[in-house]
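*Asks:* have a look at this prediction, sequence included:
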Amino acid sequence: MSRLNKDIRREYPNVSTFIGAIACLACLIGSIYPGAGNRNLRAQVQPSQQERRGFPAELAPQFADRDILGELELAKNEDPSFESVSSYLPAMNKPREVVGVKHHLHDIGVAPDASLELSDDVDAPGSSVAFFEVGKPAVRFGAAPAGCSKSLMDGLPVVVAGFDHQGVHYRQTIFGHSEGLNPDAELWAYVELQAESIDSAVRRTRVCFRVVPERAAKSTAEWELKLAPGSPARVCLRIPFDIQNQGWLEIGAPEFEKRKAEVLDSWKKDLSAGTQFRTPEKRVNEALGAWLAFASLDVDKRNGVLEPHDGAGFYEQVYGYSAALYPHALDLWGRHEEARQVLESLLTFQTPDGLFYKNFGTPDPGTLLFAMSEHFTLTADAEWLRRVAPKMIKMADWIIAKRRESMTPPGETRPVTFGLIKFRPYCDHLEPAFDYFGDTYCAVGLEKTARVLAGVGLKKESRRIGGEAAAYRTDILASMDAAVLDRWGMKVLPLEPDTHRLLKGSNNRASGYYGLIASCMLESEFLPAADERTAWVMRFLQEKGGLRIGLSEFAGGIDHAYTYGYWLDCLKLDRVKPVILGFYGSLAYGMSRETYSGVEVTRLFTGDNEPTLPHLYSCTQQLRLLRMMLVREEGDRLWIGQAIPRHWMTDGKTIEVKEAATAFGPVSFSIRAHPVLGRTEIELTAPARRTPKAVLLRLREPSGRKIAAVKVNGRPIRSFTPDTVELKSPHGVLAVEVAY
C-alpha cells in the first residue's frame, strides 16, 4: 500500500481506505490546469509527484472530476452537519483575524500566532509587527509546532489566544479601541497577557514584548512574573496603530477591563440592529455576528465615504462587484440604514458618463443596479429611490450604449457576441472580452431598475429601460444557444463565447476560474433555475471537477464564497441537502473554525490557506446564504425554513428569527420542535406591507416523519404536504400546530 493510502487510513478512519484515497486524489489532482490565483494570491499549491505516486493511473480519469466526499455526505440519510463535514479533512492552519473600530480607516491584524500586524499592507517591507516572547529560553507566543488556540469573546471581534509552554498557560486577549469608539479618532490595540501555572507548582517566568522592526520609539520590554497556583499574573499594554512614530504604554488592569467592556458593549449594541436570529447551534449564532462584524471592519471610512474593501491589511481597494453585493447582504439582514450609506458611497465612484467600475469589471454596474433595486424592494423607500434614480438611469444608459458597440448592421451575419459588452470581464482577467457573467448581471440590473422605477411613478424611463432589458435578454440567450459546445455527452457553456478562454484555462473542465465565474453567472439569477441552460452549467460543475465537498474548486482546494450562485439554484430546485453541505463545508474549510474568519482559498488536503482573511466577499456570501436558507422570496410566495438542517428540529430545540426583511415587509417566526411528542409549534407574524400569496413553512422533521394534521389559530387546515405547510394570504400573528 502506498504511503498516501496509509496516511489517509490513519488520518481519516471514518472513511474507508478506498473512498478516502479516491477523495483525496480528487482534491490533489483537481487543479491540473494553468493559471494564477485570485487577484493577488501569493502561492499555488499543486499536487506533488510524491503525493500522486502509488495511485492506480487508470482510476484518475474516472474519479478526478468527482466530488467524492460531497457524494458520500449527500448519500447519508441524515443531513450534513458541522461534525460530519469537518471530520474528513484538516482545518485551515493559518487563521487570521482583525480587531478595531467599525469603519475605521485602519485595522489591527491578528496573525496566526496572535502577533499584532500594525500596517495597512502586511506584506510591505518594514511593516510593523508586535508580539510576546515567553519562558526561558524565550519562545515566541504561538510558535510552531504547537501554535496557539484562538476564539472570539462572546462571538465578537475580541480575540483570545492560548499558548502552553514550560508548564505555564498563557492567555492573550486583543481588541481595538479609539476615543469614544470614533472611526475618525486614533486607533489603539489593547493587549493583555495572562500567565498561570498549569499545575499546583509555584513558577517563575519571563515575558518579553517586542516590536519589529525596532524603531527609535520604545521597542522592547521584559517582566519577571511569579505565578502562584490559581492566581494568574497579568501584563496589559496600550499600543498605537501608528507604532512607527509613537511608543506603546503599559497600563493597569482596571483600565484594560474598562476599555474591553466599552468595546464589547459597542459591538453587542451594533449587532442588535436589524434581524435577530437564534438557532440551537451556538457555532452558527456566533458565526453570524462574526461575519457582520468582520465585514464592517473591512469597510473603511475615507473622507466621509464608506469604502468596502475585500480585506484589511490586504486587498485595500474597492472591488466593484463584491463591494456592491455587501449592502445587499446588509439589507437581507435588516440593516437598511447601513446598506443605504454604503450604496450612496459607491455612487461617488460613478463617472460622468454613468459607468460604475472599480477594480473588477463588467459585472460592476449591473451588480450595483441590482443592489440598489433590491434596497428599494426590501425597504419600499420611495423617497430614496427617486433621489438616486437619475444616477441609476445614467448607469443603465452606459450599459445600453456599451452593448450597442457589438451590434452588426441589419443584413450582416450576427456574430455570437451580438449585443454583448466587451469590457474587462473580471479583476484577474483585465484584458477586454465578452463574458456572460458581466452581461447577465448587467441585463438583470436593467430589468430590476425598470421594475423599481415603475414602482415610484417613473413610467417613461421604466418602459424605455425595460424594453432595452428585454432585447438584451434575447441577445444573451441567442448567444448562449449559439455558443454551447458538446463535450463528454453533455452541453458545456463557454463563459467567454468567442475566446473560450476560461474553459481552455481549466483544460475543458469546470474547475478553477471557470467554476468560480460559472457560479457567479448563476448568482445573477438571469437564468431561471429550471432553464435548460442552468442545467448545462450545474451538471458541468457537478461532473467535471467544479465542486469539492460541495464547494467551488480552486487551486487544489476550495474557494467557498463563489459557490453561492450554485447553492441558490439548488434552493430554487428544492434540492436542500447540497445547500446544507455547502453551508457546513464553508464553516469547516472556508473559514477559521473557532473565529469564523472567512478566507479566499483553502487547500483541502493540507489545510494550507491564503492569508486573505477576514475576506469581505466571504462574509457577504455567507450572510446571503444563511438568510436564503431561512427566509427566501419566490415570486409572490415566501419560504420559511426551506433549508433548516433536520438536527435543528430535535426535541425541545427552538429556532427564532425576528424582523427578517423581505420583499413583503418584515416577518418574524419561532419554531419549537417536540418530535418525542409528535408535534411542532410555530408562531408566525406575517409581513404586513404586502401580503404574499402564500407562506410556505418547511418543517424538516428529524426522522423524516410526514405531517398528519395542521391547525392555525386552533382551526384545522388541509393545505400541507408531507413536510410543508402552506399558509394562504396570511395576516397578523398565526399560531400553527403541526402533528405527525
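*Replies:* On my side now, so go ahead. Numbers count the residues shown, from 1 in each chain.

*Asks:* mind showing which ranges of the protein have poor pLDDT?
*Replies:* Judged against pLDDT under 70, the low-scoring parts of the chain cover residues 1-63, 216-217.

*Asks:* show me the domain layout of it.
*Replies:* The record's domain parsing of the chain by automatic domain parsing lists 1-91+484-627, 97-271, 318-483, 637-739.

*Asks:* would CSV of these with distance to Arg278 be doable?
*Replies:* Where C-beta positions appear, they are placed from N, C-alpha and C, glycine not excepted. Output for those, formatted as CSV (distance: least, C-beta to C-beta, whole Å):
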stretch, distance to Arg278
domain 1-91+484-627, 13
domain 97-271, 12
domain 318-483, 14
domain 637-739, 5
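
*Asks:* Ser552 versus the residue positioned nearest the centre of the chain, what's the distance?
*Replies:* When the chain is reduced to its mean C-alpha position, the closest residue under C-alpha atoms, centre = their mean turns out to be Ser618, at 2.7 Å. Going from Ser618 to Ser552 by C-beta to C-beta, to the nearest Å gives 12 Å.

*Asks:* what of Phe540?
*Replies:* With C-beta to C-beta as the criterion, Phe540 and Ser552 are 13 Å apart.

*Asks:* overlap in contacts of those two?
*Replies:* Overlap between the contact sets of Phe540 and Ser552, as judged by C-beta atoms under 8 Å, 6 or more residues apart in numbering, is given by Gly546.

*Asks:* ok so the residue nearest to the centre of the chain is a helix residue?
*Replies:* Yes. With DSSP: H, G, I helix; E, B strand; the rest coil as the criterion, Ser618 is part of a helix.

*Asks:* residues near the residue nearest to it when sequence neighbours are not counted, how many?
*Replies:* Taking C-beta to C-beta, 6 or more residues apart in numbering as the measure, Ser618 lies nearest to Gly598, with 2.9 Å between them; neighbours along the chain are not counted. As a burial measure, Gly598 scores 27 neighbours (other C-beta atoms under 10 Å).

*Asks:* let me see the contact set for Gly598.
*Replies:* Taking C-beta under 8 Å, 6+ apart, one finds 291, 294, 560-561, 586, 590-591, 613-615, 618-619, 622 in contact with Gly598.

*Asks:* list the contacts for Asp107?
*Replies:* Each residue near Asp107 by C-beta under 8 Å, 6+ apart is listed here: Val98, Val99, Gly100, Gly176, Leu187, Leu297, Asp298, Ala312, Gly313.

*Asks:* and the last one, how far is that from Asp608?
*Replies:* To tie it back to what came earlier, the one meant is Gly313. As for Gly313, its distance to Asp608 is 19 Å (criterion: C-beta to C-beta).

*Asks:* neighbour count: those two, which is higher?
*Replies:* Gly313 (27 against 17).

*Asks:* what's the spacing between the top helix by length along the chain and its chain's center?
*Replies:* When the chain is parsed with DSSP state H, its longest helix is helix 459-483. Mean C-alpha position of helix 459-483 versus that of the full chain (C-alpha atoms, centre = their mean, to the nearest Å) differs by 31 Å.

*Asks:* which residues touch it?
*Replies:* With C-beta under 8 Å, 6+ apart, helix 459-483 has contacts from 389, 393, 396, 399-400, 403, 414, 416-420, 436, 439-440, 442-443, 446-447, 449-451, 453-454, 493-494, 497, 526, 533.

*Asks:* list the buried residues for that helix?
*Replies:* Applying a neighbour-count criterion of 16 or more other C-beta atoms under 10 Å, one finds 461-462, 464-466, 468-469, 472-473, 475-476, 479-480, 483 buried in helix 459-483.

*Asks:* could I get those residues as JSON lines with distance to Glu683?
*Replies:* Written out in JSON lines, the entries for the buried residues of helix 459-483 read as follows (distance: C-beta to C-beta, whole Å):
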{"residue": "Glu461", "distance to Glu683": "43"}
{"residue": "Ser462", "distance to Glu683": "39"}
{"residue": "Arg464", "distance to Glu683": "46"}
{"residue": "Ile465", "distance to Glu683": "42"}
{"residue": "Gly466", "distance to Glu683": "40"}
{"residue": "Glu468", "distance to Glu683": "46"}
{"residue": "Ala469", "distance to Glu683": "41"}
{"residue": "Tyr472", "distance to Glu683": "44"}
{"residue": "Arg473", "distance to Glu683": "41"}
{"residue": "Asp475", "distance to Glu683": "48"}
{"residue": "Ile476", "distance to Glu683": "44"}
{"residue": "Ser479", "distance to Glu683": "49"}
{"residue": "Met480", "distance to Glu683": "45"}
{"residue": "Ala483", "distance to Glu683": "51"}
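
*Asks:* my guess is the residue nearest to the centre of the chain contacts Tyr589, does it?
*Replies:* No. The criterion here is C-beta atoms under 8 Å, and Ser618 misses it with Tyr589 at 11.6 Å.

*Asks:* which residues do those two both contact?
*Replies:* With the criterion set as C-beta under 8 Å, 6+ apart, the overlap between the contacts of Ser618 and Tyr589 is His560.

*Asks:* which strand residues bridge the spatially closest residue to Thr654 that is not a sequence neighbour?
*Replies:* Once flanking residues are discounted, Thr654 sits nearest to Arg672: 5.0 Å by C-beta to C-beta, 6+ apart. For Arg672, the beta-bridge partners are Thr654, Glu681 (DSSP bridges).
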